[in-house]
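A.B. asks: fold the following.
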Amino acid sequence: MKPLEPKTFQIPELKGISAKTIEEHLKLYQGYVKNANLITDHLAKFGVEGDVHSYEIAELHRKFSFEYNGIKNHEYYFEQLEGGSLALAASSPLVQKVTEQWNSWEAMITHIKTIAATTRGIGWMILYYDRERKILMTTWVDEQHLGHLNSCQFIFGIDMWEHSYVADYLPSGKKQYVEDYLTNVNWSVAEKRYQECL
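C.D. replies: Sure thing, here's the model as predicted:
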């Protein structure tokens, strides 16, 4: 398998989230890339001796899903901050779909805030699009990989691991982090992801 390469992101100055936090967060993202590559290297070495190393191989595969989803979740997260804060027009297909399901964009944002700020533990608040049912769905994903909705496309997400906010907000500031993150979002990124599903 060709080694994975970390992406670079052009993230402007953000409200509430410091450049230092983003810098440290990007290092963690790069660590997921490094670890995923190490796992694939190890799996390649075990390949011809599967029966002898079945336990090690099984554990490496379990670990790979954590590392790989850590890569993808963070790429989505940082892409949402590129280009600066940008709201969507009322005519936007994503806004129209949100309004169809939640009655208003503001109601959906309140729903997202509730999931992100009140769910205990580390993980992600994710908004998906289910192509088969043609609906938007929200869920909480534990860690990086437990609870993803199969066949659904990631539209928008918020990293709720403490490394995302604790340096700027302290643990008690989780709700304010969510508020500030949402004000920094370039929603055209989520719009593009949604339109690619149609």
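A.B. asks: tell me where the longest helix sits in this structure.
C.D. replies: The longest helix of the chain (DSSP state H) is helix 19-46.
A.B. asks: now do that one: distance to the chain's middle.
C.D. replies: 15 Å (CA atoms, centre = their mean, to the nearest Å).
A.B. asks: please apply the same query to stretch 86-94.
C.D. replies: 21 Å.
A.B. asks: show me which residues of it are buried.
C.D. replies: Leu88, Ser92, Leu94 (16 or more other CB atoms under 10 Å). All C-beta spots, glycine's among them, are computed from the backbone N, C-alpha and C.
A.B. asks: and which of those residues is nearest to Glu67?
C.D. replies: Nearest to Glu67 among the buried residues of stretch 86-94: Leu94, at 30.0 Å, using CB to CB.
A.B. asks: mind checking which helix or strand the closest one is in?
C.D. replies: Using DSSP states H and E, Leu94 sits in helix 93-102.
A.B. asks: name the residues of that helix that are buried.
C.D. replies: Those buried within helix 93-102 under the rule 16+ other CB under 10 Å are Leu94, Val95, Lys97, Val98, Thr99, Trp102.
A.B. asks: quick one: buried residues of the helix or strand harbouring Leu136?
C.D. replies: In this assignment (DSSP H and E), Leu136 forms part of strand 135-142. Neighbour-count burial for strand 135-142 flags Leu136, Thr138, Thr139, Trp140, Val141 (criterion: 16+ other CB under 10 Å).
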